[in-house]
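Asks: Structural data only, the sequence is not supplied:
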Ligand SMILES: [Zn+2]
């Protein structure tokens with residue numbers, strides 16, 4: 001798997017944005033503007049490209065897991081973590 005959510009640290013919601021730290025070779029700050037649904041990262045990749053960098057992808061994956069786990073709690077579906 002390309003994305004390791006163990007490297008994602010959710011810092012919390014400030015105003016209308018979610019804040020994350022993504023720890024790789026260096027730590028990057030990622031934020032998600034909820035209303036605009038826009039991701040931002042402080043790494044060099046996003047400043048030269050419109051595409052999502054690996055840090056943003058890691059945070060997206062983390063959010064998806066969170067959504068799924070809420071659903072799972074309701075339906076009590078047991079799944080094994082996929083690696
Ligand atoms: Zn990045």
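Replies: In hand now; what should we look at? None of the values given here were measured: they were computed from a predicted structure.
Asks: From here on, just use CA atoms for contacts and neighbour counts.
Replies: Fine.
Asks: Against which helices or strands is the helix ranked longest in the chain packed?
Replies: Longest helix of the chain, by residue count under DSSP state H: helix 54-75. Judged by 3 or more CA pairs under 8 Å, 6 or more residues apart in numbering; DSSP states H and E, the packing partners of helix 54-75 are strand 8-14, strand 17-23, strand 27-33, strand 38-41.
Asks: between that helix and strand 27-33, how big is the angle?
Replies: 60 degrees (axes from the mean of the first three to the mean of the last three CA atoms, to 10 degrees).
Asks: Report whether helix 54-75 contacts the ion.
Replies: Yes - against the ion, helix 54-75 shows contacts by CA under 5 Å from the ion at residue 55.
Asks: Buried residues in that helix, which are they?
Replies: 54, 55, 56, 57, 58, 59, 60, 61, 62 (16 or more other CA atoms under 10 Å).
Asks: could I get the residues you listed as CSV with pLDDT and distance to residue 12?
Replies: CSV is the format used below for the buried residues of helix 54-75 (pLDDT from 0 to 100; distance: CA to CA, whole Å):
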residue, pLDDT, distance to residue 12
54, 90, 20
55, 92, 16
56, 93, 16
57, 93, 18
58, 93, 16
59, 94, 12
60, 94, 15
61, 92, 16
62, 92, 13
